[in-house]
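Colleague: have a look; sequence and predicted model below, questions after that.
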Amino acid sequence: MNPDRLAELEEERRFLLRSIGDLDREREAGDVDEHDYVTLRDGYVARAAAVLREIEDGKAALPGKRRRPRVIVGAVVATLAIATLAGWMVAHYSGQRTESSAAAPLVGDEISQQLARARVAFSQQDSNTAVDAYKRVLQLDPNNVEATTYAGWLIVTSGFQSEQSSVVDIGVGQIRRAISIDPTYPDAHCLLGVALARFVQAPDPAGAQTELTTCLANNPPAEVRQLVGPVLASLDPTASSVQDSNAPVTT
């Protein structure tokens, strides 16, 4: 990548992160309408994720940079997690339509199409396309819990792989917002738990344990249990009994 273009992207990333921080402070002060806050923040977050991915791709093409072992290991974990969750998503959501489609067929159809596009891109580890699709969904439905959750997860993994802890925190905040939208949505609890255990700069074992326990209590598919179970067991060895209790019984 052209160094000038890389510098432009770095400046845009800093601008977007500052904008998200400023927007959060305005909300706390009551200076911004909640709907405007959600719309603006989701737009900033989605764009920041896309910029970060482009920066990461550009830096990967530059010679001579060595990555720390923890980041390499984290990249492998993230890749495995994405591959595992991709299969879950495609199977879990195949043929489903969003709730909004009944009330607004045209908008609902586009949301369904964009979510399907995002799931395919996610399964192919095409983060840029997935982020673009989730961004469009959030423009149409700022409270779409699937798009909010998985856009946040992509931000978490991108931020970790590029050693940007502030970006990881933004992704974690996005997943937390998904839980506030729908506390019963298991995907968000699963991903938040893994993020708190493996990706944040200061791991939160207690918080991760709570989220992962909630995840397993919702009886997720075997693929997700295989991802979540070992992480939970590493935080609390006695938790393996929770995983085993949810496993299918064979005779």
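Modeller: Thanks, I have the structure now. Numbering: from 1, shown residues only.
Colleague: now Gly30. Its backbone dihedrals?
Modeller: In terms of degrees, to the nearest 10, the main-chain angles of Gly30 are phi 80, psi 20.
Colleague: what about it, how many residues nearby?
Modeller: If you count neighbours by other CB atoms under 10 Å, Gly30 ends up with 8. Yep, even glycine has a C-beta here, placed from its N, CA and C like the rest.
Colleague: just for the stretch 51-200 of the chain, where's the confidence low?
Modeller: 53, 56, 59-107, 123-125 (pLDDT under 70).
Colleague: now the helices for it?
Modeller: 69-93, 100-103, 105-123, 127-140, 145-161, 165-181, 186-198 (DSSP state H, counting those that start in this stretch).
Colleague: and Ala46, what helix or strand is that in?
Modeller: For Ala46, the element it lies in under DSSP states H and E is helix 34-60.
Colleague: and that helix, what does it pack against?
Modeller: Contacts defined by 3 or more CB pairs under 8 Å, 6 or more residues apart in numbering; DSSP states H and E place helix 34-60 against helix 3-28, helix 127-140, helix 145-161, helix 165-181.
Colleague: now the third one: buried residues?
Modeller: What it means is helix 145-161. If you call a residue buried by 16 or more other CB atoms under 10 Å, then helix 145-161 has these buried ones: 145-161.
Colleague: against Arg13, how distant is the most centrally placed residue in the chain?
Modeller: The geometric centre of the chain, computed from its C-alpha atoms, lies nearest to Trp153 (CA atoms, centre = their mean), at 1.2 Å. Distance, Trp153 to Arg13, using CB to CB, to the nearest Å: 19 Å.
Colleague: can you check Asp22 too?
Modeller: From Asp22 across to Arg13, the span is 15 Å (CB to CB).
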